[in-house]
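In: Let's see this in three dimensions:
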Amino acid sequence: MLTTFRLNVFERVGKIRLEDFLCEQFGILSRMYLRALIRDGKVEVNGRHENAGYRVRGGDFIEVEADMSRGTSMVAEDIPLAIVFEDREIVVVNKPAGMLVHPSNREKTGTLLNALAHYLNDRTSTDASIRPGLIHRLDKDTSGLIVVAKTPAAHRILARHFMKKRVEKRYIALVEGIVEQEEGMIEAPIGRHAELKHWSVKHDGKHSETRFWIRKRYRDRTLLELEPITGRTNQLRIHCELIGHPIVGDVKRGGREFARLCLHAHKLAFPHPSSGDRVEFVSAMPHDLGFALKP
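Out: Residues are numbered from 1 along each chain as shown. Have a look, this model is predicted:
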């Protein structure tokens, strides 16, 4: 059965091919099937049919008619999950560091969506197959809370909440050195340096803001609470590097070597897709990050 999905493209998306954008949004569907949808006129961008190579831009409105039971590329895998909350509409998971959120061209298995495809469909039920719907992401090296939709309706509503900035996200980060200010705002444009294939501060990049507060100061490190006001790629890592306090474990940006990136999404709050009531979830600091606090 065909379901219509309406996607408002966030400003942070950059200029990527339509085919690649859809692969990111519909990680459980095969590239071949998505390519066929574009070819058969089942995908419209701003009311027009575009080809697979169309460059998606921030502000585009995309409508997709897709059968979520066909063309799946998702391999269900029995991988342990830390379920924080679940009901008929959503599931909130505490993702470990080192796990991709969704399959990529290089890694098809071992991801959060592979695990959820198994978890959501491996219990006795008369319901149709549940396809986990991804609304937001965490970097592979970042741990913490992520919400996934269990129904197309919940996916659409939550996507609208994210677009309209009705979602509160807070992170904790252990950074290098002593941060003197008790709180502050970091503002700097972020863009991709194509020749380096690297995201960083860029004078013609997208406007980016991060708010921070001191949690605790240690001998040569500081524990920060971070709130990304915007949602650019690698924003928190880039902004911490910019102020001279890279995140511990972020070796490429000046942090010391550690077993993991010391960045954890510890709070997530949003209006529930069914009731509209605000729901809030908090995740304690993981043990492997806590080891970095020891002298």
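In: Could you list the low-pLDDT ranges of this protein?
Out: 1, 11-15, 27-28, 68-74, 105, 123-129, 196, 295 (pLDDT under 70).
In: Outline the domain layout of this structure.
Out: Structural domains assigned to the chain are 3-66, 170-264, following automatic domain parsing.
In: ok, now which ones touch the nearest residue to Phe270 once chain neighbours are set aside?
Out: Spatial nearest neighbour of Phe270, chain neighbours left out: Val167 (4.4 Å); criterion: C-beta to C-beta, 6 or more residues apart in numbering. In short, each C-beta sits where N, CA and C put it, glycine included. Neighbour list for Val167: His136, His161, Leu268, Ala269, Phe270 [criterion: C-beta atoms under 8 Å, 6 or more residues apart in numbering].
In: three-state assignment of the second one?
Out: To tie it back to what came earlier, the one meant is His161. Look at His161: counting by DSSP: H, G, I helix; E, B strand; the rest coil, its state is helix.
In: My read is that it contacts Pro271, right?
Out: Yes: assessed by C-beta atoms under 8 Å, His161 is found in contact with Pro271 at 5.8 Å.
In: where's Asp277 relative to Lys165, distance?
Out: According to C-beta to C-beta, to the nearest Å, Asp277 stands 18 Å off from Lys165.
In: ok, these two, which is more surrounded?
Out: Ranked by neighbour count (other C-beta atoms under 10 Å), Asp277 and Lys165 place Lys165 first, with 10 against 7.
In: Can you tell me the SS state at that one?
Out: coil.
In: Likewise for Ala154?
Out: helix.
In: All the helices of the stretch 151-295 of the chain, residue numbers only.
Out: With DSSP state H, counting those that start in this stretch, the ranges of helices along the stretch 151-295 of the chain come out as 152-163, 235-242, 287-290.
In: who touches the shortest one?
Out: The set of residues that contact helix 287-290 without belonging to it, under C-beta under 8 Å, 6+ apart, is Ala97, Ser143, Leu174, Ala259, Arg260, Cys262, His264.
In: switch to 7 Å and redo it
Out: If you take C-beta atoms under 7 Å, 6 or more residues apart in numbering as the criterion, helix 287-290 is touched by Leu174, Ala259, Arg260, Cys262, His264.
In: Now the third one: closest residue in space that isn't a chain neighbour?
Out: Just to be clear, that refers to Arg260. Of all residues not flanking Arg260 in the chain, Ala97 sits nearest, at 4.4 Å (C-beta to C-beta, 6+ apart).
In: So that neighbour belongs to a helix, correct?
Out: No: per three-state DSSP, Ala97 lies outside any helix segment and is coil.
In: these two touch, right, it and Ala259?
Out: No: look at Ala97 against Ala259 with C-beta atoms under 7 Å: they stay out of range, at 8.8 Å.
In: what's the spacing between the nearest residue to Thr111 once chain neighbours are set aside and Leu138?
Out: Excluding its sequence neighbours, the residue lying closest to Thr111 (C-beta to C-beta, 6+ apart) is Leu100, at 4.3 Å. Plainly put, Leu100 is 9 Å away from Leu138 if you go by C-beta to C-beta.
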